[in-house]
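# I would like to see how this sequence folds:
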Amino acid sequence: MTILITGATGNVGRHLVQNLHAAGHPVRALTRDPSQADLPAGVDVRAGDFTDFASLEAALEGATALHLLTTFGTGNTTVPDSRDLVAAAVKAGVRRVTLLWNGYAGPVEAAVEDSALAYTHLRPGEFMSNALGWAEAVRTEGVVREAYGEVGHSPVDVRDIADVAALALTEDGHAGKAYVLTGPEVLTAPQQVARIAEAIGRDVRYEAEDREGAKQRMRAMGIEEEAIDYVLDWRADPPEFASQVFPTVAEVTGRPARTFAAWARDHAGAFQ
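All right, here's what the predicted structure looks like:
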């Protein structure tokens, strides 16, 4: 069973490729630049892009399972030609698909639900790895600046998302499910900062930021305007599920979801 992973070098995709490959599954990884992929030896790395439909059709040949992004790029652009893409997947012989959303169901999900594919929705809230955006300021100034820091979120480790996806792609019993994926606790930005400080063994202070200040900081990071508004709107007023704790990771994988403190320890090097 060949499993095609779109977004194979992204936050979730990279871990998913590694998980499936380590478990002995034939994995095909789709990425824009295979020369920069840095994926395990033995993974079938293919060049492809959602804006190049022919590359997607070529990558689908012989695949029987598919991990599919619903948006791509820094601007959260919706994957185009979704119904044609789903039809191509069915024609190629794909039977199972996992769909990683961007916070809202859209045309890709609708196309898959209208098809004969056995689908599993992956619906995470905030990623713990978003905190890596604070790394440079922590290293150089010992400070984190963030807007809407008083709003609690239940961030999830991308490794947990990948673990759930791997099971959904390789086991029965997940078809038709919509898995809401969160971490095991609701945390504000200052609470996340405190856990990072503990992990690296140094003081890190939190400074509240207004929306315009956050926009200027994110523009300087090269983030597109549309994505900036999306992120800030999510942080200011997250969907109800994103500030709750769901037991999905534990129910699907049989082990507790990783904590933010554990994530911070594992990524301490980025902040030092």
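# from here on, contacts and neighbour counts on C-alpha atoms
Noted.
# Can you give the domain ranges for the protein?
2-124, 126-156+183-241+259-272 (automatic domain parsing).
# Which of those domains sits closest to residue 252?
domain 2-124 (11.9 Å; C-alpha to C-alpha).
# how far is the closest one from where the chain is centred?
How far domain 2-124 lies from its chain's middle: 13 Å, per C-alpha atoms, centre = their mean, to the nearest Å.
# From start to finish, how long is that domain in a straight line?
End-to-end distance for domain 2-124, by C-alpha to C-alpha, to the nearest Å: 25 Å.
# Can you show me the helices along the stretch 101-250 of the chain?
107-113, 135-141, 158-170, 189-200, 211-220, 225-236, 248-253 (DSSP state H, counting those that start in this stretch).
# Out of those helices, which is the most enclosed?
Highest mean neighbour count among the helices of the stretch 101-250 of the chain (mean count of other C-alpha atoms under 10 Å): helix 158-170, with a mean of 22.
# Which of the domains of the chain sits closest to residue 170?
Distance to residue 170, taken as C-alpha to C-alpha, is lowest for domain 2-124 among the domains of the chain, at 8.2 Å.
# for the record, mean pLDDT for the closest one?
Average pLDDT, domain 2-124: 95.
# returning to that earlier point: turn the domains of the chain into TSV, including distance to residue 164.
Listed next are the domains of the chain as TSV, based on distance: least, C-alpha to C-alpha, whole Å:
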stretch	distance to residue 164
domain 2-124	8
domain 126-156+183-241+259-272	12
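# of the ones you listed, which approaches residue 171 most closely?
domain 2-124 (9.7 Å).
# What ranges does this protein have for its strands?
Remark: strands assigned in the chain by DSSP state E are 2-5, 27-31, 44-47, 63-69, 71-72, 77-78, 96-100, 118-124, 143-147, 178-181, 205-209.
# Mind putting those into JSON lines with distance to residue 11 and mean neighbour count?
Output for the strands of the chain, formatted as JSON lines (distance: least, C-alpha to C-alpha, whole Å; neighbours: other C-alpha atoms under 10 Å):
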{"stretch": "strand 2-5", "distance to residue 11": "12", "mean neighbour count": "25"}
{"stretch": "strand 27-31", "distance to residue 11": "13", "mean neighbour count": "24"}
{"stretch": "strand 44-47", "distance to residue 11": "17", "mean neighbour count": "20"}
{"stretch": "strand 63-69", "distance to residue 11": "11", "mean neighbour count": "23"}
{"stretch": "strand 71-72", "distance to residue 11": "12", "mean neighbour count": "18"}
{"stretch": "strand 77-78", "distance to residue 11": "16", "mean neighbour count": "16"}
{"stretch": "strand 96-100", "distance to residue 11": "11", "mean neighbour count": "24"}
{"stretch": "strand 118-124", "distance to residue 11": "12", "mean neighbour count": "23"}
{"stretch": "strand 143-147", "distance to residue 11": "21", "mean neighbour count": "20"}
{"stretch": "strand 178-181", "distance to residue 11": "15", "mean neighbour count": "20"}
{"stretch": "strand 205-209", "distance to residue 11": "25", "mean neighbour count": "16"}
